[in-house]
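*Asks:* Provide a 3D model corresponding to the input given below.
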Amino acid sequence: MPDHERIAVDFDKTLTEGERSYIHEEPEDPDEEMVQWVNEQYAEDNTIIIWTARPWEAAQDTVARLTEWGVDWHGIRMEKGNADMYVDDKGTTPADELTKDGFDGDGELDGDETEGDTTDPERADEQSAESE
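*Replies:* Below you'll find the model as predicted:
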């Protein structure tokens, strides 16, 4: 892997939580784990490009949200295209990246979970075997 990567990050349903849309003019809620991950990548000298399907008319509001949430980024690209599915050799999901870096969706680093946590299927199997 190169020392510095260019990372394109989607906005809606990647940096945001829930199903709210800018189209309805309601403010979105940030996905705090993704914001943290993006900022960590930025701090590691990776280039962060916010790449969204939103139209250019929504650019000002999109930048305002990024600023409000404290997201560090280098550039923004609007209108990435509209499709029901993207097939790409470089694609990954936010969950893939967070899991790779030690997050499993519970807000804590792996290994910090409580004894009875069964959110990780491998740990659930281990805990089940231990209790038998």
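
*Asks:* ok so residue 60 is a strand residue?
*Replies:* No. Counting by DSSP: H, G, I helix; E, B strand; the rest coil, residue 60 is not found in a strand; it is helix.

*Asks:* that one: how many residues sit nearby?
*Replies:* Residues within reach of residue 60, counting by other CB atoms under 10 Å, total 8. Bear in mind the C-beta positions are built from the backbone N, C-alpha and C, glycine included.

*Asks:* and it, how far is that from residue 15?
*Replies:* Distance, residue 60 to residue 15, using CB to CB, to the nearest Å: 16 Å.

*Asks:* before we move on, what about residue 30?
*Replies:* For residue 30, the distance to residue 15 - CB to CB - is 6 Å.

*Asks:* overlap in contacts of the two?
*Replies:* 69, 71 (CB atoms under 8 Å, 6 or more residues apart in numbering).

*Asks:* compare neighbour counts for those two and give me the winner.
*Replies:* Remark: of residue 30 and residue 15, residue 15 carries more neighbours, 25 against 18, as counted by other CB under 10 Å.

*Asks:* where does pLDDT dip in this structure?
*Replies:* Counting by pLDDT under 70, the chain has low-confidence residues at 1-2, 21, 24-25, 89-90, 92-132.

*Asks:* same thing but at 50, please
*Replies:* 105, 107-109, 112-121, 123, 127-128, 131-132 (pLDDT under 50).
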